[in-house]
Every structure is written in C-alpha cells, then in structure tokens.
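>>> I would like to see how this sequence folds:
(one chain, ligands or ions: 1)
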Amino acid sequence: MKYFRLILFLTICNCSSVTSQISSLSQKNVIDRKVDSLVVLMTLEEKIGQLNQYNGFWDITGPAPKDGLAAKKYQDLKNGLVGSMLNVKGVKDVRALQKIAVEQTRLHIPLLFGFDVIHGYKTISPIPLAEAASWDLEAIQKSAAIAAEEASAVGINWTFAPMVDVSRDPRWGRVMEGAGEDPYLGSRIAAARIHGFQGNDFSSRKTILACAKHFAGYAFAESGRDYNTVAVSDETLYNIILPPFKAATEAGVKTFMNSFNELNGIPATGNALLQRTILKGAWNFKGFIVSDWGSINEMINHGYAKDSKQAAAIAMNAGSDVDMESYAYLEHLANLVKEGQVKETLIDDAVRRILRVKFELGLFDDPYKYCDEAYEKETVGKTAFQDGVLDVAKKSIVLLKNDSNILPLPKKGKKIALIGALASDKTSPLGSWRIAADDNTAISVLEGMRKYSGNQLDYSKGADVTVGRTQFIWETKINAIDKSDFAAAISLAQKSDVVVMVLGEHGLETGEGRSRTDIGLPGVQQALLEEVYKVNPNIVLVLNNGRPLVIPWAAAHIPAILEAWQLGTQSGNAIAQVLYGDYNPSGKLPMTFPRNVGQIPIYYNHKNTGRPLMNEPESVFWSHYSDEKNTPLYPFGFGLSYSKFEYSALKLSKSTFSTNEKIEVSVTLKNTSSVAGKEVVQLYIRDLIGSYTRPVKELKDFKMVELKPNESKTITFIIDKNTIQFYTPNSKWEAEPGDYKVFIGGSSDTTLESNFNYTASK
Ligand code: NOJ
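Sure, this is the predicted structure:
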C-alpha cells in the first residue's frame with residue numbers, strides 16, 4: 001500500500017543521511033528527523049490540512065454544524081486537508097476514514113481520532129469529581145487506563161481529558177468534570193489520569209493520547225455561568241489555576257486544549273501569553289494545542305476579531321495549533337501566509353508538533369493499529385472493566401454524617417423503605433459525559449440493595465427528578481413539581497424501620513452548559529424529604545449529584561448522609577456495599593459544600609482579609625454576612641468512616657530549616673474503633689507573611705493510611721523549600737523566609753497545628 005512506500009521513503013531519508021549515527025540517536029531524534037523529512041514534502045495546503053479537525057458526520061458535542069457539510073468533509077479528507085477527527089467511534093467507521101487518509105491522499109498521513117472519553121467509554125467510571133473524592137491516585141490512574149483500553153478498542157486514539165480546571169464555583173456545571181478546588185490535589189490527580197490514559201509508551205495498543213484542558217481559567221467564569229467572562233489576578237492565575245496544567249506537562253501529556261473564555265480581556269484561544277510564552281515557552285511543551293469547539297470563530301462574538309480570517313490569524317499567531325470545527329484555518333491560513341499576516345514557520349511548527357505525536361503513537365507504522373473488529377468485540381464492556389469501575393466507585397463515596405451509627409445497615413430482620421426516583425434510575429448514574437454508553441446500563445441502587453436479601457426491601461418513587469435528553473442534543477427539564485406520588489412514599493416510610501432516600505441531581509443536570517443558580521435538591525425532592533421525615537426520621541440520605549449541593553436542612557435533621565455523586569455503571573452495587581458495611585467509606589470532599597448559595601465562591605484556601613471574623617458579636621465591622629455563617633456546611637477534605645480515627649502527637653524534627661534542608665513532620669493516627677478502615681491524612685501549611693498575601697491553609701501532601709481496629713501508626717511527611725514556594729511578585733516561584741504553621745488532620749478544618757521557620761541560605 002502507498003503509506004508503506006511513504007514509510008520506506010522516510011526511513012531511507014534517515015538512513016542515507018545519518019547512517020552511522022542513527023543507532024545512537026534517541027527515539028525522539030529519530031522521530032524529529034522523520035517529521036522533518038515529511039514536512040519538506042508538504043505543500044502549504046497540506047500543512048494547513050494537518051491543523052484542521054472535523055467532527056464526524058453524525059454525533060456532535062457542540063452546537064450543530066451547518067447543513068450539507070458531509071460532502072465537503074469527505075472531499076477535504078481525500079485532498080489531505082484534514083489532520084484529525086472527533087466524535088468518530090467504532091472500528092468500522094474509524095477504519096473507513098483512516099483508509100481515505102492513508103490510501104487516497106497524496107502523502108498518506110494517518111488521522112488522529114479524538115473523543116470525549118471523560119469517565120469511561122461504554123463502561124462508565126464515577127464522574128471525575130467523584131473519583132477525586134477517593135484521593136486514591138492508583139485507583140484514579142487505573143480508571144483512566146480502563147477508559148483508554150476500552151476506547152482504544154473502538155478505534156479512538158485520543159481523549160479530550162483530563163479536565164484539570166481548578167473550580168471554586170459549584171454553580172458551574174462542569175465542576176463534575178474536574179478534580180475540585182485545590183491546585184495540589186488537582187495536580188496529583190492530573191498526573192494520575194494522564195499516566196492512566198497514556199501509559200508508559202504508546203507501543204501498547206491499549207493507551208491513547210491525553211489532553212489537558214481547558215487552558216486556561218475556564219472554571220473561573222463569572223457567577224458560575226458557563227462560557228462567561230474570566231478576570232483573575234496574576235497571583236490567582238499562577239498559584240491556583242496553572243499548577244495542574246504544569247503538572248500535566250510534567251506528566252508528559254501530549255496535547256492541550258485551550259478554552260472558550262476570555263482571560264483578563266483576551267480570549268484564551270487567541271492568548272499568546274498562555275500558549276506561546278507560558279506553555280510552549282517557559283514550560284517547553286512539545287505537544288500540540290487544539291482549540292475548543294468553534295472557539296477560534298467565537299473570538300468574533302468576544303469582540304476580539306472582526307471576522308473568521310482575523311480570528312484564524314490571531315489564533316495561529318497565539319499558538320493554537322489545531323482548529324476544532326471553526327473551519328477558519330482551512331479557509332484562511334493560506335491567504336494569511338501569502339499576505340504576510342502569519343509566518344509559514346509558525347505553521348511548520350504546528351505541523352511538526354502534530355506529526356511528531358502521530359509518529360510517537362505509531363500511526364505511521366500501522367495506521368490501523370486501533371482497528372481490529374474481533375478485539376473490539378471482546379474488549380468493550382468486559383468483566384475486568386466492571387470490577388475496576390466498581391472498585392473506584394466504592395472509593396469515591398463520602399460519608400458526610402452518621403449520627404448514632406445508623407450506618408452500616410443491619411443485614412437482616414429490618415423493614416427498609418427505599419424512596420426516590422433516582423434509586424431506581426439506571427441512566428442518571430452514568431453522569432454527564434457518557435456519550436458512548438447506552439441508557440439504562442447502570443446498576444441502580446434498587447438493584448444493588450436487592451442483592452442483600454436478609455431485610456424486607458420495598459420501593460416507592462415519591463417524586464420525579466427531571467430530565468429529558470435526546471442522545472446528543474442536551475436538554476434538561478425541571479419537570480418535577482408533581483407531588484402525587486408523595487402519599488405512597490410517606491405511607492411506606494411509616495411502616496419501615498429505616499428509610500433510604502436517594503435524592504439529588506439527575507446525571508444530566510451537571511456538565512457543559514448546565515450552570516444552576518439554585519443548587520439545592522431540585523424539584524420537589526426537598527419537600528418530599530421533609531414530609532417523609534415527619535413520619536419516620538430514621539433516614540439515610542444518599543445524595544446523587546455532580547456538584548456540591550446546598551443542603552442545610554438535611555445536614556441539620558437527617559441522621560445519615562452519604563455523598564454518592566454519579567458513580568457510573570456499577571453505581572448501585574457500590575452504594576449498597578457501603579450502606580451494608582461491606583465497604584467502609586474513606587472518601588474526602590474535593591470541593592467545599594456551602595451552607596448557602598450566597599457564600600459562593602467559597603473554598604478552604606481563602607485569604608484572611610484585613611478584617612477576619614474574630615468572634616466579636618458586638619461589632620459588625622468584620623468580614624462576614626449578617627444572615628449566614630462564614631464557614632461551609634462541609635469543608636474541603638472532610639469525610640467520615642465507619643472507623644473512628646484519632647490524631648495526636650504532632651511533632652517536627654526541628655523548628656527551623658534553610659534552603660537545602662528539610663523538616664520531618666509526624667503525627668500519630670489511631671483507629672479507636674472495632675472496624676478496620678482507611679483514612680486520608682492531610683498536611684496543610686500557612687505562610688504567615690508573604691510578598692503576596694497567602695491563604696489561611698494550603699494542602700501540601702496527603703497519605704492514605706489503613707488501620708486495623710485499635711491500631712496506631714506514625715505518619716511522616718517531609719517539608720522542604722518546594723513545599724512552601726509560591727509564585728511571587730518577582731514573577732518567580734520562590735520560598736520566602738519567615739514563619740509558617742503546619743496542620744495535619746483528616747479535613748481542611750483540622751486544628752492540630754505546630755510552627756516552623758524557614759531561613760533562606762545566602
Ligand atoms: C466542548 C468542550 O468544552 C470540550 O471539553 C470538549 O472536549 C469539546 N467540546 C469536544 O467535544
């Protein structure tokens with residue numbers, strides 16, 4: 001076939017010019033040479049073609065494309081004017097398009113196939129926010145590896161994940177897609193997900209390219225409204241938003257996606273500071289950047305470009321390598337080069353980046369590497385995947401309240417009422433980004449609980465939740481105002497010993513384009529909860545949600561609350577195993593739960609202000625609300641267990657250290673209960689005086705510790721200059737001399753603390 005001739009040509013180019021040295025060249029250099037030999041063969045149009053990404057002709061994950069484009073897309077594919085596709089899935093379809101690229105185009109360059117494999121392909125893991133609650137990096141990496149293996153089996157070789165946007169605003173629907181509010185936890189999780197998707201090398205056909213997104217600031221949309229304006233200080237940009245992106249580059253991520261939002265007046269897609277100066281410059285990122293869907297042309301709406309041509313020039317000059325569905329590069333870049341508005345060297349650089357990744361993936365050796373129908377059939381949905389997603393689902397559950405040890409439930413002799421539409425829902429647990437999974441494929445809570453047959457279990461819906469959606473046009477309807485099913489649920493509760501209520505958001509009420517102003521229990525679920533409580537207060541509330549919810553009434557009245565997010569295909573089994581104590585919960589919140597929507601943005605690593613609240617009720621001149629506390633309902637890092645843990649003896653190996661030294665900090669953790677369990681031990685610091693004001697607490701490390709009943713362990717952390725450094729007004733990461741506090745505990749509101757001092761050596 002012709003592409004083999006091309007490979008031969010590329011090999012000959014290498015061999016003839018550098019025969020004697022080739023064995024000593026690193027693989028990377030070999031690839032660079034292959035890229036060089038291919039780029040010299042390319043016309044300007046073919047180069048621009050590599051920068052052009054089309055959506056497939058059927059599924060969409062953005063605004064619907066213009067009519068009648070399929071024929072043009074096919075023609076462009078044949079002319080070598082397409083470098084990658086998105087939303088094409090299934091070996092048959094991938095193979096058909098790859099065949100056009102490698103057999104009908106002049107240079108036979110294979111395509112990349114991108115897809116939003118966000119929390120699984122067909123076998124669905126918990127939503128990323130839920131997985132973040134596990135704080136279990138190994139489980140998170142494994143979950144990404146499962147997603148990669150399953151997606152790669154259907155021909156996909158690139159996922160648009162992980163989303164590493166630090167988010168502080170639960171009104172924003174996409175908090176479900178990230179790792180929550182903390183830059184340190186977010187960085188660790190970003191690396192774990194990238195290692196999971198990409199593996200160690202691409203010679204395996206089970207790994208795919210990852211994509212760190214959305215670069216940058218997207219989660220800081222004003223008032224939590226998706227796509228809204230973002231204005232943040234340098235200090236917030238560098239210390240809070242950028243660290244997980246930096247961690248992604250260090251983890252070897254091959255691609256980045258920029259974002260829809262403007263950042264301090266400049267759209268991210270046209271932002272040279274972000275893309276050229278920081279990412280490709282200071283961080284030396286060698287992969288490529290894809291625009292978000294149509295975000296090049298959206299610079300016209302932003303009021304930053306007058307037309308698509310100017311938008312193309314701005315985006316390319318700013319470092320945006322691939323155009324996803326704006327059609328702007330293909331239409332205008334050639335003319336822009338001819339007119340001198342865009343340098344061809346910039347296009348060459350973008351093409352090189354893309355080709356390098358294609359070589360690294362092995363697509364030039366075998367463009368059909370991911371196209372094997374038999375393998376596809378035996379791989380999708382296989383049992384090992386089910387076991388893997390069940391494992392991470394259990395680890396993602398957070399126990400928020402358990403008064404009088406109402407949980408775990410006894411396994412026999414009880415009458416249990418299960419109430420709530422979400423309890424029997426087999427689609428909602430799949431969450432928002434499950435565009436390849438089939439409806440009704442999750443295990444419901446009802447199904448999971450039925451496996452425990454020692455109790456009498458009866459189910460009543462009580463109230464509808466929401467939602468209508470066609471497969472790819474997303475719509476959410478809040479249609480739950482009907483209380484006609486209340487009576488049956490109340491009467492069932494009255495006759496039962498314990499009531500398990502599964503309430504919250506449908507899986508499609510969070511995600512892209514699903515910002516909400518009221519983040520309480522949707523519809524009439526709050527009313528249902530209060531009515532049931534009147535007849536039987538012995539309630540276990542199981543929350544299903546893709547964002548922190550505002551649930552002050554439940555927190556005050558309901559004895560047990562289990563945060564169960566949207567947990568994916570194995571959701572009901574995971575929840576049942578935790579309810580019945582076959583799995584002891586160990587999750588910790590990756591995002592603060594507010595008491596009141598008016599507190600948002602609320603996050604643990606806030607600043608102290610000049611007027612922190614000092615418990616002086618006689619004065620109003622403190623930073624506070626007249627009608628609500630400052631504190632959250634549940635803080636970042638919080639989560640209970642069926643075990644009881646006690647922290648004591650916080651010790652420092654010394655109280656002062658300098659540049660090349662370190663301090664060991666240790667604490668004793670004891671399981672004072674009769675139940676074996678796991679605890680996430682968290683280390684926070686506070687820098688008391690900084691050249692930029694510093695947060696009241698910053699997470700700096702954590703360890704997952706398992707303890708048998710009555711067992712104690714000493715847990716040790718290291719503090720060195722890397723622990724305390726931050727981005728200073730000198731535009732550098734620096735550790736500043738001075739006094740610090742250190743805190744250790746099982747939540748960000750821990751009060752177990754000590755002090756140390758840092759003296760920079762001269
Ligand atoms: C828009 C989303 O913002 C992005 O995250 C996603 O990867 C693309 N659409 C492609 O579906």
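>>> Could you use CA atoms for every contact and neighbour count after this?
Noted.
>>> Kindly state the pLDDT recorded for the residue nearest to residue 249 when sequence neighbours are not counted?
Of all residues not flanking residue 249 in the chain, residue 285 sits nearest, at 6.5 Å (C-alpha to C-alpha, 6 or more residues apart in numbering). For residue 285, the model assigns a pLDDT of 98.
>>> Just say helix, strand or coil for residue 285.
What DSSP: H, G, I helix; E, B strand; the rest coil gives for residue 285 is coil.
>>> and if you look at residue 685?
Classification of residue 685 using three-state DSSP returns strand.
>>> in what helix or strand does the nearest residue to it once chain neighbours are set aside lie?
For residue 685, ignoring the flanking residues on the chain, the nearest one in space by C-alpha to C-alpha, 6+ apart is residue 742 at 4.4 Å. According to DSSP states H and E, residue 742 maps onto strand 738-745.
>>> in the next helix or strand after that strand, what's buried?
Counting by DSSP H and E, the element after strand 738-745 in chain order, helix or strand, is strand 753-759. Of the residues in strand 753-759, 754-759 count as buried by neighbour count, 16 or more other C-alpha atoms under 10 Å.
>>> now the angle from strand 753-759 to strand 738-745?
150 degrees (axes from the mean of the first three to the mean of the last three C-alpha atoms, to 10 degrees).
>>> can you pull the contacts of residue 659?
Residue 659 makes contact with 720-721, 758-761, according to C-alpha atoms under 8 Å, 6 or more residues apart in numbering.
>>> List just the nearest of these to residue 701.
Proximity of the contacts of residue 659 to residue 701 (C-alpha to C-alpha) peaks at residue 720, which lies at 11.8 Å.
>>> from what I can see that closest one touches residue 662, true?
Yes: using C-alpha atoms under 8 Å, residue 720 is in contact with residue 662, at 4.5 Å.
>>> For residue 116, see how far away the residue in the stretch 101-250 of the chain that the ligand sits nearest to is.
Closest to the ligand within the stretch 101-250 of the chain is residue 160: 4.9 Å, counting by C-alpha to the nearest ligand atom. Remark: distance between residue 160 and residue 116 (C-alpha to C-alpha, to the nearest Å) = 5 Å.
>>> Now find how far off-centre the strand holding residue 742 is within its chain.
Distance of strand 738-745 from the chain centroid (C-alpha atoms, centre = their mean, to the nearest Å) equals 29 Å.
>>> What is that strand packed up against?
Packing contacts for strand 738-745, counted by 3 or more C-alpha pairs under 8 Å, 6 or more residues apart in numbering; DSSP states H and E, involve strand 677-687, strand 753-759.
>>> would you list these in a markdown table and tack on distance to the ligand?
Formatted as a markdown table, the helices and strands packed on strand 738-745 follow (distance: least, C-alpha to the nearest ligand atom, whole Å):
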| stretch | distance to the ligand |
| --- | --- |
| strand 677-687 | 30 |
| strand 753-759 | 40 |
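>>> wait, which of the ones you listed is closest to residue 547?
Between residue 547 and the helices and strands packed on strand 738-745, the tightest spacing by C-alpha to C-alpha is seen for strand 677-687, at 21.2 Å.
>>> Does anything pack onto that closest one? Which helices or strands?
strand 698-707, strand 738-745.
>>> Tell me which of the ones you listed is the most buried.
Across these, averaging neighbours per residue (mean count of other C-alpha atoms under 10 Å) puts strand 738-745 on top, at a mean of 21.
>>> quick one: contacts of it?
647, 650, 667, 681-689, 750-759.
>>> Just the element for residue 389, please.
Counting by DSSP H and E, the element that carries residue 389 is helix 383-396.
>>> what packs against that helix?
Under the contact rule (3+ C-alpha pairs under 8 Å, 6+ apart), helix 383-396 is packed against helix 128-132, helix 137-153, helix 571-579.
>>> Neighbours of the spatially closest residue to residue 392 that is not a sequence neighbour, how many?
Nearest residue to residue 392, sequence neighbours excluded (C-alpha to C-alpha, 6+ apart): residue 139, at 5.8 Å. With neighbours defined by other C-alpha atoms under 10 Å, the count for residue 139 comes to 23.
>>> now do residue 320
A count of nearby residues for residue 320, using other C-alpha under 10 Å, gives 29.
>>> mind listing what it touches?
Per C-alpha under 8 Å, 6+ apart, neighbours of residue 320: 258, 269-270, 275, 289-291.
>>> which one of the residues you listed sits closest to residue 402?
Nearest member of the contacts of residue 320 to residue 402, counting by C-alpha to C-alpha, is residue 258, at 42.5 Å.
>>> Relative to the ligand, how far out is the closest one?
9 Å (C-alpha to the nearest ligand atom, to the nearest Å).
>>> What pLDDT does the model give that residue?
Looking at residue 258, its pLDDT reads 98.
>>> again, but for residue 173
Looking at residue 173, the pLDDT reads 96.
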